[in-house]
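> need a structure here:
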Amino acid sequence: MKNIKKLTAIALYFLCLSPLAAQKTQWTPDGNAYYSFTKKGVEIVDVLHPGKDQTLLDSNALIPAGSSEALQVQSFQVSPDDKSLLLFANTRKVWRDNTRGDYWIFDKNTKKLTQLGKGLPSSSLMFAKYSPDGKKVAYVSKHNIYVEDLSNNQMTKITTDGTDGMINGTFDWVYEEEFGTQDGFRWSPDGNKIAYWKLDARGTKNFLMINNTDSLYSFTVPVEYPKVGENPSGCSIWFYDLASKSSKKTDIAGDEIQNYIPRMEWVLDSKSIILQQLNRKQNQSKIIVADASSGSSKAIYTETDAAWIDIKSRWNDNDPSGWDWIENGKEFLWLSEKDGWRHIYKIDMSGKETLITKDAFDVIKPEFFDVQNKQIYFSASPNNATQKYLYKVSMKGGKAQKVTPEAYKGSNKYTISPNGKIALFTNNSVNAISMGSVVSLPEHKELVAAKRTAKADPARSKAEFFQIATQDGVTLDGWVVKPKNFDPNKKYPIVFMVYGEPATQTVTDSFYTGWNDLYVGDMAEDGYLYVSLENRGTPAPRGREWRKSVYRKIGQLNIRDQAMGAQALFAKWPYADTSRVAVWGWSGGGSSTLNLLGQYPDIYQTGIAIAPVANQLFYDNIYQERYMGLPKENREDFVNGSPLAYAKNLKGNLLLVHGTGDDNVHYQNTEVYINELVKYNKQFQLMSYPNRTHSIDEGEGTSLHLATMFTKFLKEHCPPGGK
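Numbering: from 1, shown residues only. Modelled structure (predicted):
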């Protein structure tokens, strides 16, 4: 349900974005170029001088000795001493990201390729990283951590207890899914120690999915999955000393099972680590420093929230790694919503905090910490929650300054060079998209023109933005794509696209806003009003209260906002045909669709729910407990927010779609919802996709089949066209 994946033309999300899902921009040391894969191999792209790219690794060099085929490289690292490359190839999926594969060293002097981890199972290595001096590489295989000396390729196994239930150096399903954690070990800056996570998942039950189609006899596919109310894996942090070849466990206060550790990094002096610990309810956060020699620890900073506390992955593209040090490791930067806005603070090693961003608006995302010039770049949008602009503020604190020029309206994206002087810039709005220009900072002078640009097709209806006030006094952002040749004197069917949960926004000013890849044809051409509303509880930059008002009220407050928003639109738009109202959504949006049909059956006549959570008690503990509490304390909130409670009220037309191989939102949800519909003789249409996951995109013809069915059902039960 939390997972997010952007279809090419709609703002609905399914699969989580991962640090390894796409190769991150890897800059050269001077920050004026970056490394890129091309047909030629690995190239150095000079951002300031287009056309003067250099080849770092020719594709012909990717053919190992004795082989006729080149390595299928997904990503790479340049060694700290710049003498070699660490190549990640022949990758395999773990859950949904390609985080397992083979690693090879390419020696830049000898041009030789050497495979690491020889003797270990093929494509079993994960998260390989150079030691700080570039002479060793550490990696994970089969839940154990290894260190390999590059001078002789001798391997040292630094953990020996790794099994499916005892996990070293990586994470279980739910940690990865909800905290974004994947890489579970860290070299010390001096290269003498490795700190790593150990998860004891032996008490976590497997959820069994059934594969009926890939063999003569069906077989089960187990996924370790702690559901709401079930204990998470026990989590601890360990040190390994390379000189003594010994391990030591950190002594961290608190039950290992009832607390989470979503972040951990080394302090710059290599003498200790710093970590974040969250309690089970995720409403208390402690910053803890642990000594690497003794293992002793102490909390230096504690924060509590009446709802929940977000971690770094929530605003850092699902990547929680890294610690934002300033003043040579004496202080670090931190984000908190404690004063009602998401603001940046600095905290010293004694726990003393200082507020940096003091304006009354949210930091959407820190973009770059320019330590040398003591500036912070961050994205924000004080006046329009659908957009995003670049701001800067001094690390001493004070009033922020807008960097993005007024001419660039919409959702602006920056990839800032490590030197802080230049950025790859994308301007994105419903009117146009411009990608790949290079701008100077902080002047924002264009140094290199955009590589790709596109303008909205004037013959195609585009999204228009609006705000609507509900009878509860809540103002919602929204967009609408009106029918082509719109006539306000006619009445048109209205289709709502909904998500509605804390994972993502749907109302953003971007080029593809208002498009729908699940519709075969053109909704505007056919005569639909296509609409999305942003209810409270979504991560819009409208302050802490906006986002956290949904605490313990998912499936209730957000659903009421949607329904009251629809009613307010009907009162304002006489051209909306209230006898032809449809709603659809995927994942959390599927849940919202079912809740809207069940709780407000007199408003919505037709719904298409894809991969919905029908019972919140069936979802994973980290996500659902973060936003809803613990069921032993407030079980009624989980029940009252679940579509299952309202299936008996269904009046309209329902298309229910789910993949039976969904390891995220289990097909179990759809089956129990079906039972409830059958119990009350509620007729509906069902489409089960065998062995498809949460994205329902595996298998030949699947995407077209889903889109064709979606379109056919919508046209039959919510006929298009003005009347």
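> mind listing the strands for the stretch 351-500 of the chain?
Listed from the start of the chain, the stretch 351-500 of the chain has strands (DSSP state E, counting those that start in this stretch) covering 353-355, 365-370, 375-380, 389-394, 401-402, 411-416, 422-428, 432-440, 446-448, 452-455, 464-469, 475-481, 492-497.
> For the residue of the chain most remote from its centre, list the residues it contacts.
Relative to the centre of the chain, the most outlying C-alpha is that of Asn489, 42.9 Å out, by C-alpha atoms, centre = their mean. Asn489 sits next to Tyr575 when contact means C-beta atoms under 8 Å, 6 or more residues apart in numbering. Heads up, the C-betas are built off the backbone N, CA and C, glycines and all.
> Return the distance of the helix or strand where Gly585 lies from the chain's centre.
Assigned by DSSP states H and E, Gly585 belongs to strand 576-586. In this view, strand 576-586 has its centroid 29 Å away from the chain centroid, taken as C-alpha atoms, centre = their mean, to the nearest Å.
> ok, and for it, which residues are buried?
576-578, 580-586 (16 or more other C-beta atoms under 10 Å).
> and it, what does it pack onto?
strand 492-497, helix 557-572, helix 588-599, strand 606-610, helix 702-717 (3 or more C-beta pairs under 8 Å, 6 or more residues apart in numbering; DSSP states H and E).
> make it 10 Å
If contacts are counted by 3 or more C-beta pairs under 10 Å, 6 or more residues apart in numbering; DSSP states H and E, strand 576-586 sits against strand 492-497, strand 529-534, helix 557-572, helix 588-599, strand 606-610, strand 653-659, helix 702-717.
> before we move on, back to that, distance of the residue farthest from the centre of the chain relative to Pro366?
Asn489 is 50 Å from Pro366, where distance means C-beta to C-beta, to the nearest Å.
> Make TSV out of the helices and strands packed on strand 576-586 and add distance to Asp251, mean neighbour count and mean pLDDT.
Listed next are those as TSV, based on distance: least, C-beta to C-beta, whole Å; neighbours: other C-beta atoms under 10 Å; pLDDT from 0 to 100:
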stretch	distance to Asp251	mean neighbour count	mean pLDDT
strand 492-497	50	25	98
strand 529-534	45	26	98
helix 557-572	42	21	98
helix 588-599	39	29	98
strand 606-610	47	28	98
strand 653-659	44	24	98
helix 702-717	51	17	98
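> Output these in a markdown table; the columns should cover distance to Val45.
Below are the helices and strands packed on strand 576-586 laid out as a markdown table (distance: least, C-beta to C-beta, whole Å):
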| stretch | distance to Val45 |
| --- | --- |
| strand 492-497 | 37 |
| strand 529-534 | 37 |
| helix 557-572 | 43 |
| helix 588-599 | 38 |
| strand 606-610 | 39 |
| strand 653-659 | 38 |
| helix 702-717 | 32 |
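> So which residues make contact with the helix or strand hosting Phe76?
Using DSSP H and E, Phe76 maps to strand 73-78. With C-beta atoms under 10 Å, 6 or more residues apart in numbering as the test, strand 73-78 has contacts from 19-20, 22-24, 26, 28-29, 35, 37, 41-42, 56-57, 59, 62, 84-91, 98-99, 101-104, 106, 108, 128-130, 134, 137.
> Now list the buried members of those.
For the contacts of strand 73-78, buried by 16+ other C-beta under 10 Å: 19-20, 28, 35, 41-42, 56-57, 59, 62, 84-91, 98-99, 101-104, 106, 128-130, 134, 137.
> Low-confidence stretches in this structure?
The chain contains residues with pLDDT under 70 at 1-23.
> For Pro541, which of the strands of the stretch 351-500 of the chain is the nearest?
Smallest distance to Pro541 across the strands of the stretch 351-500 of the chain (C-beta to C-beta): 6.6 Å, for strand 375-380.
> For that closest one, which strands pair with it and how are they oriented?
Strand pairing for strand 375-380, using DSSP bridges, gives strand 365-370 (antiparallel), strand 389-394 (antiparallel).
> From the chain's centroid, how far away is that strand?
With C-alpha atoms, centre = their mean, you get 20 Å for strand 375-380.
> Now do it against strand 411-416, angle only.
If you take axes from the mean of the first three to the mean of the last three C-alpha atoms, to 10 degrees, strand 375-380 sits at 150 degrees to strand 411-416.
> what is the orientation angle of strand 375-380 with strand 422-428?
Angle of strand 375-380 versus strand 422-428, following the same axes, to 10 degrees, is 10 degrees.
> quick one: Lys632 is in a strand?
No. Secondary structure of Lys632, determined by DSSP: H, G, I helix; E, B strand; the rest coil: helix, with no strand assignment.
> element containing the residue lying closest to it once chain neighbours are set aside?
If the residues on either side of it in the chain are set aside, Lys632 comes closest to Gly229, at 6.7 Å by C-beta to C-beta, 6 or more residues apart in numbering. In this structure, Gly229 sits in neither a helix nor a strand according to DSSP H and E.
> Likewise for Asp602?
Counting by DSSP H and E, Asp602 is found in no helix or strand.
> Let me have the strands of the stretch 351-500 of the chain in a markdown table, adding distance to Glu303 as columns.
Formatted as a markdown table, those follow (distance: least, C-beta to C-beta, whole Å):
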| stretch | distance to Glu303 |
| --- | --- |
| strand 353-355 | 9 |
| strand 365-370 | 18 |
| strand 375-380 | 20 |
| strand 389-394 | 21 |
| strand 401-402 | 28 |
| strand 411-416 | 28 |
| strand 422-428 | 31 |
| strand 432-440 | 36 |
| strand 446-448 | 41 |
| strand 452-455 | 43 |
| strand 464-469 | 33 |
| strand 475-481 | 29 |
| strand 492-497 | 36 |
